[in-house]
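**Q** Make a model of this:
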Amino acid sequence: MTISTALCRQFENKLPAKQKLFQEDHGIPVHLKGRIADALLYRTTMVLTVGETADAIYQLAVVSFPKKQD
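**A** As a prediction, the model looks like this:
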């Protein structure tokens, strides 16, 4: 069995373009420079964080004031 590299795909090196994008000063925070994917991930993380914090506060309020026994 012979191994041939002729069928291997040649991938374009995208690293220099990414480095250039992240080194330019656009006034955008570095965690949002990856465009739409980073923005969606950031917003999803923020929504989940705020939602879970609100739920934790609600749960603390519920257990702080137990129901009265009749």
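**Q** Run through the helices of this structure in chain order.
**A** Ranges of helices in the chain, per DSSP state H, are 15-23, 36-64.
**Q** Out of these, flag the one nearest residue 30.
**A** Using Cβ to Cβ as the measure, helix 15-23 is the one of the helices of the chain that comes nearest residue 30, at 6.5 Å. The C-beta positions use only the backbone N, C-alpha and C, and glycine is treated the same way.
**Q** residues making contact with that closest one?
**A** With Cβ atoms under 8 Å, 6 or more residues apart in numbering as the test, helix 15-23 has contacts from 30, 33.
**Q** Using CSV, write down the CA coordinates of it.
**A** Taking Å, rounded to 0.1, in the frame of the first residue of the first chain, the C-alpha atoms of helix 15-23 are listed here in CSV:
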residue,chain,number,x,y,z
LEU,A,15,-3.6,33.1,10.3
PRO,A,16,-2.0,36.3,8.9
ALA,A,17,-5.4,37.8,8.1
LYS,A,18,-6.7,36.9,11.6
GLN,A,19,-3.6,38.5,13.2
LYS,A,20,-4.1,41.6,11.1
LEU,A,21,-7.7,41.8,12.1
PHE,A,22,-7.0,41.5,15.8
GLN,A,23,-4.1,43.9,15.8
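**Q** Could you pull out the buried residues of that helix?
**A** Residues of helix 15-23 include none that count as buried (16 or more other Cβ atoms under 10 Å).
**Q** and it, how far out from the chain's middle?
**A** 19 Å (Cα atoms, centre = their mean, to the nearest Å).
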